[in-house]
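Asker: pasting the sequence and the predicted model now:
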Amino acid sequence: MLPTNRLGQSVAGPPGSQAEQKLRRLLEVGRALVGELDPESVLDRILEQACAVTGARYAALGVLGESRDELERFLTRGIDAATHRAIGDLPRGRGVLGVLIEDPRPLRLSDVGEHPQSYGFPAHHPPMRSFLGVPILIRGRAWGNLYLTEKTDGDEFTDDDEEAAVLLAQWAGTAIENARLYESSERGRAEAERAVQALEAARDITDAVSRLADLDRVLELIAKRGRALVEGRTVLIMLREADELVVAATAGHASNAKGRRLPVTGSTSGQVLRRGRAERITDVGTQMRVAVDRLGVPSAGTALLVPMLHHGNGIGVLAAFDRMDSGGEFSAADEQLLQTFAASAANAVALNRSVTAERLQSAIVAADSERGRWARELHDETLQALGGLRVLLSSALRQNDDTTRVDAMRQAIEDIELEIGNLRGIISDLRPSLLDDLGLGPALDALLDRRRQSGLEIHADFTLPQRGQDARGLAPELETTIYRFVQEALTNVVKHADASSVEVRIHALTSHVLVEVRDDGRGFDTEAKSDGFGLGGIRERVYLAGGTLELDSGQQGTLLRAHLPLPGDRARESVPDQVAS
């Protein structure tokens, strides 16, 4: 069915007539408009086609504001940029333009200047006489108006022109609504995808903070994920040290930035830290008080500075520079997103510092306890034995009988040899020479042999890298941790477990070393607090090595299991790809 005018008459004329050609053109225009999904392109095409189908020299499209009593935007066609600048402010919908706002119906005038509500034209405005205005409705409500002036042939606008403009306005309403819905849908989809990415990144960061002991790697991860989500060219994490901010992690286009410093006082980043409020910088060159070249970020234009706060205390600043997509300014959404990453970075730093302090305190306590243990060993055994030896020799000196003296001397020699053996055992427990000379395996074999002398049956299962010309073996500090773990576990078994057999398993895996000591003794209450050094020392050694400890004890015996991470490249293999990237 062909379109009709407001009186119900067909707008098509005889086949091949000018009216039919115009109708076909309007149908083609309508299809093109409805297929256009960019709102700005729709508006531009409406103006173009309005001039084409009506013969107007000038076209304008006024978009109503939310109150619908004035124009929020005013787009034109036919007036060049120089004339625009000369005219000045664009109209807001007064005079004749306001008639359609108050009464959204088509308005056609032969001379716009003769209308009673005409205000006339401002200076430098081109002359305009004939006028045609039609409303653009979306879902029955006025959205804006299409204004046409000055037919190119000098005639007035006709009924056909008005009908064409009305039909074009109907197409325009449909096309604008479709484009707006599509844009809203795309924006919602993009926001949803970004929200999912932000949640995934936050999950990975939370997992990294809880699993990785290396603060540098955690901060690097935060910087990389934050940069990806705000689409920044460069992201820096700066930590406060006394009166300075020090770059601790970077992502993107930073040139040797790590370790660079700038003062808290007198810098924009320091101001953000002290105030505890984020700041968006639109011109780095004029708004930042310290040149960003000092931070290894050359040629930056815009920035977003977010404070890293932990319980209200400023720990540092997370800074993003330049958006990669357009090089434009960072948005409020970027600021909110980066604040989440800044909070994660602050928590990671605070947790690391807390753990470091706790480990230092625990190490001091453990060292004091260990010294106390060796003091008791020397006092209760060695010193008492030496005291007895002194009494024996003093008594021998007072004897006149040579035979008695010889017997006393022989007994003294035996006692000395015994105590030499005891001292060697203590020294070996402190630091076995085999551990330094031959490595962990031989040192553990010697340790197990000494414990077997107490009557304990010990089964060993070791898989360890061997030292050699082309093999590094385990790091010395890790070997010491493993040796101490087994030593203290066996000491506890001998003293407290009343066990008959023990199984010791040590296996060096790809990312960590597994150490297990299992006995068949009577077990104990794992929840009970004890001041004994053995279990506390084991926990402390595993803790300081960045490992995890499992303890299971009951009627079936006791199991101690430790996972000790390998340092360097091997440790990185244990981190999932999504966390390490």
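Answerer: It's in.

Asker: hey, let's count contacts and neighbours off CA atoms from now on
Answerer: OK.

Asker: any idea how far residue 565 is from the residue nearest the centre of the chain?
Answerer: For the chain, the residue nearest the mean C-alpha position is residue 222 (3.7 Å; C-alpha atoms, centre = their mean). Distance check for residue 222 against residue 565: by C-alpha to C-alpha, to the nearest Å, it reads 22 Å.

Asker: what of residue 516?
Answerer: According to C-alpha to C-alpha, residue 516 stands 15 Å off from residue 565.

Asker: what do you get for residue 255?
Answerer: Look at residue 255 and residue 565: by C-alpha to C-alpha, they are 32 Å apart.

Asker: what helix or strand is residue 61 on?
Answerer: Counting by DSSP states H and E, the element that carries residue 61 is strand 56-64.

Asker: pLDDT on that strand, on average?
Answerer: Average pLDDT, strand 56-64: 88.

Asker: what does that strand contact?
Answerer: 43, 47, 50-51, 70-79, 142-152 (C-alpha atoms under 8 Å, 6 or more residues apart in numbering).

Asker: cool, and stretch 476-495?
Answerer: Contacts to stretch 476-495, defined as C-alpha under 8 Å, 6+ apart, come from residues 429, 435, 439-440, 443-444, 447, 451, 454, 456, 499, 504, 515, 517, 519, 521, 534-535, 537-538, 541-542, 545, 560, 566.

Asker: give me the buried subset of those residues.
Answerer: Buried by 16 or more other C-alpha atoms under 10 Å: 429, 435, 439-440, 443-444, 447, 451, 456, 499, 504, 515, 517, 519, 521, 534-535, 537-538, 541-542, 545, 560, 566, out of those.

Asker: for the stretch 301-450 of the chain, which residues score under the pLDDT cut-off?
Answerer: For the stretch 301-450 of the chain, the stretches flagged by pLDDT under 70 are 325-327, 352, 354-383, 385, 421-434, 436-437.

Asker: residue 92 is in contact with residue 71, correct?
Answerer: Yes. Under the criterion of C-alpha atoms under 8 Å, residue 71 makes contact with residue 92 at 4.8 Å.

Asker: give the contact list for the closest residue to residue 515 other than its chain neighbours.
Answerer: Residue nearest to residue 515 in three dimensions, not counting chain neighbours: residue 506, with 4.6 Å by C-alpha to C-alpha, 6 or more residues apart in numbering. Applying C-alpha under 8 Å, 6+ apart to residue 506 gives the contacts 461, 462, 463, 464, 513, 514, 515, 516.

Asker: equivalent analysis for residue 270, please.
Answerer: Contacts for residue 270 (C-alpha under 8 Å, 6+ apart) come out as 245, 263, 264.

Asker: how does it look with 7 Å?
Answerer: residue 264 (C-alpha atoms under 7 Å, 6 or more residues apart in numbering).

Asker: state the distance from it to residue 115.
Answerer: Taken as C-alpha to C-alpha, the span from residue 270 to residue 115 is 63 Å.

Asker: can you give me the neighbour number for residue 90?
Answerer: Using other C-alpha atoms under 10 Å, residue 90 has 14 neighbouring residues.

Asker: doesn't it belong to a strand?
Answerer: No. Counting by DSSP: H, G, I helix; E, B strand; the rest coil, residue 90 falls outside a strand, being coil.

Asker: pop out the phi and psi values for it.
Answerer: Phi and psi for residue 90, reported as degrees, to the nearest 10, are phi -80, psi 150.

Asker: now it: closest residue in space, sequence neighbours ignored.
Answerer: Spatial nearest neighbour of residue 90, chain neighbours left out: residue 74 (6.7 Å); criterion: C-alpha to C-alpha, 6+ apart.

Asker: which SS state does that neighbour fall under?
Answerer: Applying three-state DSSP: residue 74 is strand.

Asker: show me what it is bridged to.
Answerer: Counting by DSSP bridges, residue 74 forms beta bridges with residue 62.

Asker: now it: how far from residue 98?
Answerer: Applying C-alpha to C-alpha to residue 74 and residue 98 gives a distance of 13 Å.

Asker: the two - which one has more neighbours?
Answerer: residue 98 (19 against 16).

Asker: need the three-state assignment for the more buried one.
Answerer: At residue 98 the chain is in helix, as set by three-state DSSP.

Asker: rewinding a little: between residue 71 and residue 92, who's got more neighbours?
Answerer: Counted by other C-alpha under 10 Å, residue 71 and residue 92 do not tie: residue 71 has more neighbours, with 24 against 18.

Asker: wait, what's in contact with the more buried one?
Answerer: 62, 63, 64, 65, 92, 93.

Asker: what of residue 220?
Answerer: 249, 250.

Asker: give me the element it is part of.
Answerer: Using DSSP H and E, residue 220 falls within helix 215-230.

Asker: chain center to that helix: distance?
Answerer: 5 Å (C-alpha atoms, centre = their mean, to the nearest Å).

Asker: pLDDT of it, averaged?
Answerer: 82.

Asker: tell me which residues form a beta bridge with residue 262?
Answerer: Residue 262 has these beta-bridge partners by DSSP bridges: residue 245.

Asker: surely it meets residue 247?
Answerer: No. Residue 262 lies out of contact with residue 247 (C-alpha atoms under 7 Å); the separation is 8.9 Å.

Asker: does residue 317 belong to a helix, a strand or coil?
Answerer: strand.

Asker: what distance do you get for it to residue 443?
Answerer: 49 Å.

Asker: repeat that for residue 59.
Answerer: For residue 59 relative to residue 443 (C-alpha to C-alpha), the value is 93 Å.

Asker: show me how the protein divides into domains.
Answerer: According to automatic domain parsing, the chain comprises the domains 18-183, 211-353, 438-581.

Asker: can you put these in a markdown table and add distance to residue 391?
Answerer: Output for these, formatted as a markdown table (distance: least, C-alpha to C-alpha, whole Å):
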| stretch | distance to residue 391 |
| --- | --- |
| domain 18-183 | 100 |
| domain 211-353 | 55 |
| domain 438-581 | 29 |
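
Asker: please identify the most buried of these.
Answerer: domain 211-353 (a mean of 20; mean count of other C-alpha atoms under 10 Å).

Asker: re the thing from before, from the contacts of residue 506, which shows the smallest pLDDT?
Answerer: residue 464 (86).

Asker: residue contacts, it?
Answerer: Counting by C-alpha under 7 Å, 6+ apart, residue 464 makes contact with 507, 508.

Asker: now do it against residue 160, distance only.
Answerer: Separation of residue 464 from residue 160 (C-alpha to C-alpha): 94 Å.

Asker: any chance of the contacts of residue 506 in CSV, with distance to residue 478 and secondary structure too?
Answerer: What follows is these, written out as CSV (distance: C-alpha to C-alpha, whole Å; DSSP: H, G, I helix; E, B strand; the rest coil):
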residue, distance to residue 478, secondary structure
461, 18, strand
462, 15, strand
463, 15, strand
464, 12, coil
513, 9, strand
514, 12, strand
515, 12, strand
516, 15, strand
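
Asker: now distance to residue 294 too, for those residues, in CSV please.
Answerer: CSV is the format used below for the contacts of residue 506 (distance: C-alpha to C-alpha, whole Å):
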residue, distance to residue 294
461, 56
462, 53
463, 51
464, 48
513, 43
514, 46
515, 48
516, 51
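
Asker: relative to residue 322, which of these is nearest.
Answerer: Taking C-alpha to C-alpha as the measure, residue 322 sits nearest to residue 513 out of the contacts of residue 506, at 44.4 Å.

Asker: so what pairs up with the closest one in the strands?
Answerer: Applying DSSP bridges to residue 513 gives these bridge partners: residue 508, residue 564.
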